[in-house]
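Asker: Sequence isn't available, so here's the structure alone:
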C-alpha cells in the first residue's frame, strides 16, 4: 500500500502539543554546563592524511552543540569518533582520548555495543532498513535483548509519538519504510535511535537531504529533544545552528587538517566571535 | 540515429531469445503430444512400474529420485553457500577472502562430467565402504551439492556486496553486534538476490544429468534410504533416448516437459517471493 504522501508534514508542526515528551531524564539545564563527553587532544588520520588535529572539546549534558565549518574540515569525522563509527574505516587511526561520563571509550575493554546504544546516530541521508516501519524499530530492540511483545509495541508507539510520526503511520506500521517520504524516513530513523533510550544523539546534517518543510519539521523535533538528550549536530546551515544550538564549535582547515578554531556559547560564536576566521565565516565572508 | 539502431538491435536480440525459448517449448509439446494422447495422464502415476518396452510408464520413482537428490543437495548447499558468502564478505581477511572466492569460482568452472568422473572414482567407493552399493542417492546429493554450491555462494556474495554501505553504518551505529548487523540488516536486504541464486541452483540441480547419471546407480525405484540407488528424470532421458521409439520416445519427451514445468514452478515461486518482499 502506498502511503498518503500528500498529507502535509506541516500538520505535525501545528499540533506540537498533541503529544507530550517524557519528563527530563538528565540533570541540570544548560546554564550549568556539566560535561558528558570530554575530548582531549583528539587527532584522526586516514592513512597518511590528517583529518583532525588536536581537538579538545567538552560536550555539555542536555544541550545542543552544533559543529559548524566548511566542507572537509573534519566535522563528520569528529562526530564519528564519538561513537567509534570510525572503526569501520580500515585505515583510520585515532590519537588522544574521548571520555564519555568519565570512561575512556577507546580503552580496549570498552563495550562498543553499549556505547552505541547510549549514543544514537542520525545520518545525512535517511537510512531506513528495507523492511516494515515496525520492524525498523523492533529489530534493534530485539538485538539488544528486549523481547516482550507488549514492551516492544509500547516503545514503538512512544518513539513514533516523540518524533510526531505516530498519527501519520500508526495504521500502516507493517508497510515498507522505504515508501515513506524523505522527511518521514528521517524522523523514523530518529525514532529508531530514540527507541534504544540513548543519552546522546549524534546528528550528521540531518536536514540537508530534506525539502524545506520536512527540514523544518525535523528541526522543531530536534529542539523539542533538548534537555532530554544531549545532542551534537553537524550542520552547514548557519541559521539553523543559530536557531537551535546552545553551544557551537567552529572547525576550519589549516594545513590540510581540520582544527577546532573556537568553541563557546552559540550566541557568542555568532555575535562576538573572538577569532577572525570565525567572524568571517559566520558573517558569510569566508567559507 | 545510433539510438534507433541500437534499439532495434536490442529488440531483435530480445525477440530471438524469447522465440528460441518458445520454440523449444513448442517442440517439447509437439514431440510429447502423441504420447499424451495415447496414454492417459494418470497412467504416468498409476502404472505398476517403469518398463517402457512393456508399455508401463510410471514416472513417479524417477520424479521422487529427482526431487530427493535436488532437495538433499539444496539442504546442504544453501547453508554452506550462504555461510561461505558471509565468510568472504564479513569475516575473512582480504587476501584469504580473495583466494577463497577464486577457489569457489574455479569450482563453478569444473565441467559436470569431471564431477561425475571424480564421484565415480572417489566418492562411490567411499560410500561403498560405508554401506554398499555405493552408487546411491547420497552420492548424487553430494555431487550435486558441490555443483550448485558455487552458484549459491557467488550470487549470495554479489547480493551482499550490493547492499548499500549506509545500511551497515546505520546498523552498527545502533549498537548491533557483527552477527546482529548481518542477521538483522544485511541478510534481509540481500534476500531477493540470495533467493534468486537458490532458485537458479535448484534449476541446475533438477536438470543436471551427466554427473548424476554417473554416480546414482540408475535403478528405477523409490529410495528408502540414502544408500539406495536412484534414477533421475534427466538421467533417464539420457540413458534411453538412444533406443527409444514410438510411445516410449514420446514419454521421454513428457518427462522433459515435466522437468521444465518443475523449473518454471520454481521461477514462479521466486517471482512471488521477491514481489512479496518488495510490497
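Answerer: All right, it came through fine. The structure displayed is predicted, hence computed values, not measured ones.
Asker: Tell me how many other residues surround residue B:150.
Answerer: Residue neighbour count, defined by other C-beta atoms under 10 Å in any protein chain shown, stands at 22 for residue B:150. All C-beta atoms are positioned from the backbone trio N, CA, C, and that covers glycine.
Asker: so which helix or strand takes in residue 213?
Answerer: I'll assume chain A. helix A:212-225 (DSSP states H and E).
Asker: wait, chain B
Answerer: helix B:210-215.
Asker: Run through the neighbouring helices and strands of that helix.
Answerer: Judged by 3 or more C-beta pairs under 8 Å, 6 or more residues apart in numbering or on different chains; DSSP states H and E, the packing partners of helix B:210-215 are helix B:112-118, helix B:137-161, helix B:233-240.
Asker: how distant is it from the center of its chain?
Answerer: 14 Å (C-alpha atoms, centre = their mean, to the nearest Å).
Asker: May I see the buried residues of stretch A:202-210?
Answerer: Using 16 or more other C-beta atoms under 10 Å in any protein chain shown as the test for burial, stretch A:202-210 gives A:202, A:203, A:204, A:205, A:206, A:207, A:209, A:210.
Asker: Can you list which of those are found in strands?
Answerer: Counting by DSSP state E, the buried residues of stretch A:202-210 place A:202, A:203, A:204 in strands.
Asker: returning to what we had before: near chain B too, which of the buried residues of stretch A:202-210?
Answerer: By C-beta under 8 Å from any C-beta of the partner chain, no member of the buried residues of stretch A:202-210 lies near chain B.
Asker: could those residues go into JSON lines alongside pLDDT and distance to residue B:216?
Answerer: Shown next, in JSON lines, are the buried residues of stretch A:202-210 (pLDDT from 0 to 100; distance: C-beta to C-beta, whole Å):
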{"residue": "A:202", "pLDDT": "95", "distance to residue B:216": "59"}
{"residue": "A:203", "pLDDT": "94", "distance to residue B:216": "61"}
{"residue": "A:204", "pLDDT": "94", "distance to residue B:216": "58"}
{"residue": "A:205", "pLDDT": "92", "distance to residue B:216": "61"}
{"residue": "A:206", "pLDDT": "92", "distance to residue B:216": "60"}
{"residue": "A:207", "pLDDT": "91", "distance to residue B:216": "64"}
{"residue": "A:209", "pLDDT": "86", "distance to residue B:216": "57"}
{"residue": "A:210", "pLDDT": "88", "distance to residue B:216": "61"}
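Asker: where does the closest residue to chain A within the stretch 151-279 of chain B land in three-state SS?
Answerer: Relative to chain A, the nearest point of the stretch 151-279 of chain B is residue B:175 (3.4 Å; C-beta to the nearest C-beta). Assigned with DSSP: H, G, I helix; E, B strand; the rest coil, residue B:175 falls in the coil class.
Asker: That one: neighbour count?
Answerer: Neighbourhood size, residue B:175 [other C-beta under 10 Å]: 26.
Asker: For whichever residue of the stretch 101-250 of chain A sits closest to chain B, list the residues it contacts.
Answerer: Nearest to chain B in the stretch 101-250 of chain A, going by C-beta to the nearest C-beta, is residue A:116, at a distance of 3.4 Å. For residue A:116, the contact set (C-beta atoms under 8 Å, 6 or more residues apart in numbering or on different chains) comprises A:83, A:84, B:172, B:173, B:174, B:175.
Asker: For those, give me CSV that also has distance to residue A:148 and pLDDT.
Answerer: Below are those laid out as CSV (distance: C-beta to C-beta, whole Å; pLDDT from 0 to 100):
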residue, distance to residue A:148, pLDDT
A:83, 27, 92
A:84, 30, 93
B:172, 25, 94
B:173, 24, 94
B:174, 19, 94
B:175, 19, 93
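Asker: Which of these has the largest number of neighbours?
Answerer: residue B:174 (28 neighbours).
Asker: That one contacts residue A:195, correct?
Answerer: No: in terms of C-beta atoms under 8 Å, residue B:174 does not count as a neighbour of residue A:195; the distance is 9.0 Å.
Asker: what number of residues lie near the closest residue in space to residue A:143 that isn't next to it in sequence?
Answerer: Excluding its sequence neighbours, the residue lying closest to residue A:143 (C-beta to C-beta, 6 or more residues apart in numbering or on different chains) is residue B:180, at 4.3 Å. By other C-beta under 10 Å, the residues close to residue B:180 number 19.
Asker: same deal with residue B:18?
Answerer: 10.
Asker: Equivalent analysis for residue A:132, please.
Answerer: 20.
Asker: so where do the helices sit in the chain?
Answerer: Since no chain was named, I'll use chain A. Per DSSP state H, chain A carries helices over the ranges A:10-14, A:75-82, A:112-118, A:133-143, A:149-162, A:166-169, A:182-195, A:212-225, A:238-244, A:266-271, A:276-282.
Asker: Correction: the question concerned chain B.
Answerer: Going by DSSP H, chain B shows helices at B:2-38, B:43-46, B:60-86, B:94-109, B:112-118, B:124-130, B:137-161, B:165-173, B:178-181, B:187-189, B:191-207, B:210-215, B:233-240, B:246-278.
Asker: The fourth one and chain A in contact?
Answerer: Same thing as helix B:94-109. No: Helix B:94-109 is not in contact with chain A by C-beta under 8 Å from any C-beta; minimum separation 9.0 Å.
Asker: quick check: angle from that helix to helix B:60-86?
Answerer: 160 degrees (axes from the mean of the first three to the mean of the last three C-alpha atoms, to 10 degrees).
Asker: go on, the longest one?
Answerer: Angular relation of helix B:2-38 and helix B:60-86 on a 0 to 180 degree scale: 150 degrees, by the same axes, to 10 degrees.
Asker: mind listing what's buried in the lowest-mean-pLDDT helix or strand in chain B?
Answerer: One helix or strand of chain B scores below all others by mean pLDDT, DSSP states H and E: helix B:246-278, with a mean of 83. Using 16+ other C-beta under 10 Å as the test for burial, helix B:246-278 gives B:247-259, B:262-263, B:266, B:270, B:273-274.
Asker: just stretch B:8-28 next, same as before
Answerer: residue B:28.
Asker: What of stretch B:136-148?
Answerer: Going by 16+ other C-beta under 10 Å, stretch B:136-148 has these buried residues: B:136-148.
Asker: now stretch B:74-89
Answerer: In stretch B:74-89, counting by 16+ other C-beta under 10 Å, buried: B:74, B:76-78, B:80-82, B:84-89.
Asker: which parts of the stretch 101-250 of chain B sit against chain A?
Answerer: Residues of the stretch 101-250 of chain B lying near chain A (C-beta under 8 Å from any C-beta): B:164, B:166-177, B:180, B:184-185, B:188-189.
Asker: Going by neighbour count, which of those are buried?
Answerer: B:167-176, B:180, B:184-185, B:188-189.
Asker: What's opposite residue B:51 in the beta bridge?
Answerer: residue B:56 (DSSP bridges).
Asker: Next one, pLDDT for it please.
Answerer: For residue B:51, the model assigns a pLDDT of 91.
Asker: Could you count how many residues lie near it?
Answerer: 13.
Asker: swap in residue A:178?
Answerer: Using other C-beta under 10 Å, residue A:178 has 15 neighbouring residues.
Asker: and it, what is it in contact with?
Answerer: Contacts of residue A:178 (C-beta under 8 Å, 6+ apart): A:128, A:130, A:185.
Asker: Arrange the residues you listed in JSON lines, one row each, with neighbour count and pLDDT as further columns.
Answerer: Shown next, in JSON lines, are the contacts of residue A:178 (neighbours: other C-beta atoms under 10 Å in any protein chain shown; pLDDT from 0 to 100):
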{"residue": "A:128", "neighbour count": "21", "pLDDT": "94"}
{"residue": "A:130", "neighbour count": "21", "pLDDT": "92"}
{"residue": "A:185", "neighbour count": "23", "pLDDT": "94"}
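Asker: what stretches of chain B score poorly on pLDDT?
Answerer: B:273-279 (pLDDT under 70).
Asker: Can you pull the domain assignment for it?
Answerer: According to automatic domain parsing, chain B comprises the domains B:2-38, B:59-278.
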